[in-house]
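A.B. asks: build me a model:
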Amino acid sequence: MLSITSFVFGTVILYYCILTVFGLHYRGKNKERSSLKAYPSVDILIPAHNEGKVIQKTLEAMVRLEYPGDLYIYLLNDHSQDETGRIAEDFSKKFKNIYHIGVPKGEPKGKSRVLNYGLQISKSTYFAVYDADNQPEPQAVKRLVEAAETVSNAVGAVGYVRTINEKANWLTRMISLEFQIFQLLMQSGRWALFKTGSLTGTNMLLRRSILEEIGEYDVYALAEDAELTLRITGAGGLLPIVPEAVTWEQEPQQIKVLIKQRTRWLQGNLYLLEKMATSFAYYKGKILVHTLQHILVYVIFLVFLVISDVWFMAGLLGFVRIEASVPMMLMWYVSYVLYTSQLFSAQMMENTFSPLNILIGFIMYFTYAQLFIFLFFRSLYYYIKAKKKRQIISWEKTIRF
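C.D. replies: Here you go, the predicted structure:
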C-alpha cells in the first residue's frame with residue numbers, strides 16, 4: 001500500500017514539475033500579437049449587487065480601455081440597495097457606450113442568472129466578463145480579442161488577474177502569490193502542454209456563438225466559469241491564455257471574508273465533481289485534462305495533504321516507527337519543496353520579490369495551504385446539508401473594502 005501511495009504521489013509531483021517548467025517557458029515568451037485589420041464588436045458585462053464601494057473606479061477603468069472596434073459596457077445592476085445605481089447612471093449619462101441595466105428579479109440568485117440576462121439584451125460578436133471590483137489595464141480587451149481571432153479554433157481568451165490590494169496585509173500577499181501560481185503559471189503550463197485553458201470568471205472573453213451552440217450559463221453552478229469551461233472544451237473550443245491581458249481586482253483582507261468566498265468556490269467545484277462522478281462525458285478528449293485537474297486538486301491533493309500532515313505529526317510524537325515514517329516524511333518534504341519552488345518561480349516571473357514575500361513563500365505551506373483542508377470539509381458539510389434538504393445553495397457576495 002505504501003509503495004502504491006508513493007508511486008501515485010511521485011507521478012503527481014512529476015506532473016506538477018513539468019507543468020511548472022512549461023508554464024515558466026510560456027510566461028517568459030514575448031507574445032506580442034500583430035494588430036487585426038478589423039476588430040469585432042465586444043460587449044462588456046459587469047454583474048453588480050451593492051458594489052458602491054468599488055464601482056466608481058471600475059467604470060473609470062472601463063472608460064480608459066483602448067479598443068479599436070465597437071465596445072459597449074453593460075453595468076448589470078442586480079437590485080443594489082446602495083449607491084451602485086446612482087454611480088452607474090451618472091456614467092451612462094456621460095458616456096454613450098455605457099449602459100446601466102436593471103436586472104429583473106428571479107431565482108436562483110447569483111452571477112450566472114445576471115449574465116444570462118445580460119446576454120439577452122446585448123448583441124456584439126464577443127462578450128467579456130468583469131467582476132464589479134475589476135480595473136482592467138487599457139490594452140486588456142484588445143489583447144484578448146487578438147488572441148481569440150488569431151488562435152485556430154479559439155472561441156475566446158482568458159487574461160491574468162492581479163491583486164490590487166496585495167500589500168494590504170499578509171493575507172492579501174498570500175492570495176496574490178496563489179494567483180500568480182495557480183491562476184497564471186499552472187494555466188500557462190496546461191495551455192503550453194495540452195492547449196487547454198480555463199475561464200476565470202473575470203477578465204475573460206467569449207464568442208457569443210459558442211453559447212448559442214452549448215447553452216447559456218448554468219444558474220445552479222456557483223463555479224460558473226469552471227462549469228462553462230468543461231462544456232466549451234467538450235464542444236472542441238479552445239481558450240488561449242493571455243498573460244499580457246491584465247486586470248486588477250480586490251481580494252479579501254480578512255480571513256472570515258476569505259472563508260465565505262472560498263466556501264462558495266469550493267461548493268461550486270463539488271457540484272462539478274458530482275457531475276464528473278455520474279457521466280463518462282467528462283473523461284474523453286481535451287475535457288479529460290480539466291477533469292483530472294479537478295480530481296488532482298480536490299481529491300488527490302487533499303488526501304496527500306491530510307495524510308502527510310497526520311504522518312508528520314505522528315512521527316514527531318513517536319506514534320509511528322521511524323523506518324515506516326521515512327517515506328511519508330519524504331512525501332511531505334517533497335511537497336513543501338515543490339510548493340515553495342513554485343512560489344519563488346512565480347515571484348521571479350512577476351517581479352514581486354521582496355524580503356516579506358520571500359518570508360511568506362517559506363511559510364505559506366504551513367499556513368495558507370493548510371487552510372484548504374478546513375475550507376474543503378466546511379464546504380462539503382454545507383453542500384451535503386443542502387442536498388439532503390433539497391435546497392438551492394445560495395450565492396454569497398464577497399464583501400468589498
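A.B. asks: now the strands: where do they sit in the stretch 51-200 of the chain?
C.D. replies: Ranges of strands in the stretch 51-200 of the chain, per DSSP state E, counting those that start in this stretch, are 71-77, 98-102, 126-129, 135-136, 156-163.
A.B. asks: closest to residue 244 out of these?
C.D. replies: strand 156-163 (7.7 Å; Cβ to Cβ). Backbone N, C-alpha and C define where each C-beta goes, glycine included.
A.B. asks: look up how far residue 160 lies from the residue nearest to residue 185 when sequence neighbours are not counted.
C.D. replies: Leaving aside its sequence neighbours, residue 185 sits nearest to residue 23 (Cβ to Cβ, 6 or more residues apart in numbering; 4.2 Å). In this view, residue 23 and residue 160 are 12 Å apart by Cβ to Cβ, to the nearest Å.
A.B. asks: now do residue 335
C.D. replies: 26 Å.
A.B. asks: looking at those two, which is more packed in?
C.D. replies: Set residue 335 next to residue 160 and count neighbours by other Cβ atoms under 10 Å: residue 160 wins out with 24 against 21.
A.B. asks: quick one, what contacts the residue nearest to the spatial centre of the chain?
C.D. replies: By Cα atoms, centre = their mean, the chain has its centre lying nearest to residue 200, at 3.8 Å. By Cβ atoms under 8 Å, 6 or more residues apart in numbering, the contact set of residue 200 is 158-159, 161, 183, 225.
A.B. asks: now do residue 226
C.D. replies: 198-199, 268-269, 272, 290, 294.
A.B. asks: quick one: these as TSV, columns for secondary structure too.
C.D. replies: Output for the contacts of residue 226, formatted as TSV (DSSP: H, G, I helix; E, B strand; the rest coil):
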residue	secondary structure
198	coil
199	coil
268	helix
269	helix
272	helix
290	helix
294	helix
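A.B. asks: of the residues you listed, just say which sits nearest to residue 35.
C.D. replies: Taking Cβ to Cβ as the measure, residue 35 lies nearest residue 199 of the contacts of residue 226, at 25.2 Å.
A.B. asks: okay but the closest one is in contact with residue 227, surely?
C.D. replies: No. Look at residue 199 against residue 227 with Cβ atoms under 8 Å: they stay out of range, at 9.1 Å.
A.B. asks: how near is residue 389 to residue 382?
C.D. replies: Distance from residue 389 to residue 382, by Cβ to Cβ: 11 Å.
A.B. asks: who's more crowded, those two?
C.D. replies: A direct count of neighbours by other Cβ under 10 Å for residue 389 and residue 382 places residue 382 higher, at 17 against 7.
A.B. asks: what's the spacing between that one and residue 106?
C.D. replies: According to Cβ to Cβ, residue 382 and residue 106 sit 23 Å apart.
A.B. asks: all helices of the stretch 101-250 of the chain, in order?
C.D. replies: Ranges of helices within the stretch 101-250 of the chain are 111-121, 140-150, 170-178, 186-194, 208-214, 224-234, based on DSSP state H, counting those that start in this stretch.
A.B. asks: let's have those in TSV, adding distance to residue 61 and mean pLDDT.
C.D. replies: Shown next, in TSV, are those (distance: least, Cβ to Cβ, whole Å; pLDDT from 0 to 100):
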stretch	distance to residue 61	mean pLDDT
helix 111-121	18	96
helix 140-150	9	97
helix 170-178	19	95
helix 186-194	23	94
helix 208-214	23	96
helix 224-234	21	95
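A.B. asks: which of those helices has the highest mean neighbour count?
C.D. replies: helix 140-150 (a mean of 23; mean count of other Cβ atoms under 10 Å).
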